[in-house]
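Asks: here is my input; please provide its structure:
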Amino acid sequence: MGFQDDIRSKLRATGAPVTTILVALLAGVFLLTWFSAGRFDSMRLLGFEPAAVSIKPWALLLYPFASSPFAFMTVLFECLWLNSIG
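Replies: As a prediction, this is how the structure comes out:
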């Protein structure tokens, strides 16, 4: 079994592979923002600004991934919420 087969089998075993992937992405973007020390600004790239919807339409869907490097509790509760509805 290869690495990809291990990941696929673990995702299938959880019963909610999409939820697990979304939680991992949320945590990954938060860690990327935190460790980059301001070089990667997820709020600027993914944050929702009503005036800029025509320029950044992806912000409507990807806003939950935008986080401040100091918003640990926000990301934690987002992950818990996703797990509970997942």
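Asks: tell me the contacts of the residue nearest the centre of the chain?
Replies: Among the residues of the chain, the one closest to the centroid is residue 26, at 2.0 Å (Cα atoms, centre = their mean). Residues in contact with residue 26, defined by Cβ atoms under 8 Å, 6 or more residues apart in numbering, are 64-65, 67, 75, 78-79, 82. In short, each C-beta sits where N, CA and C put it, glycine included.
Asks: now tabulate those residues in CSV and tack on neighbour count and pLDDT.
Replies: Formatted as CSV, those follow (neighbours: other Cβ atoms under 10 Å; pLDDT from 0 to 100):
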residue, neighbour count, pLDDT
64, 17, 75
65, 20, 76
67, 22, 72
75, 21, 82
78, 19, 84
79, 17, 83
82, 17, 81
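Asks: looking at these, which are in helices?
Replies: Residues of the contacts of residue 26 located in helices (DSSP state H): 75, 78-79, 82.
Asks: the residue nearest to the centre of the chain sits in which helix or strand?
Replies: helix 17-35 (DSSP states H and E).
Asks: so what does the residue nearest to residue 45 when sequence neighbours are not counted have for phi and psi?
Replies: Spatial nearest neighbour of residue 45, excluding adjacent residues (Cβ to Cβ, 6 or more residues apart in numbering): residue 66 at 7.4 Å. With angles defined as degrees, to the nearest 10, residue 66 sits at phi -80, psi 120.
Asks: burial count for residue 66?
Replies: 19 (other Cβ atoms under 10 Å).
Asks: ok, it touching residue 46?
Replies: Yes - applying Cβ atoms under 8 Å as the test, residue 66 and residue 46 come out as touching, 3.8 Å apart.
Asks: now for the two: what residues contact both?
Replies: With Cβ under 8 Å, 6+ apart, residue 66 and residue 46 have common neighbours residue 59.
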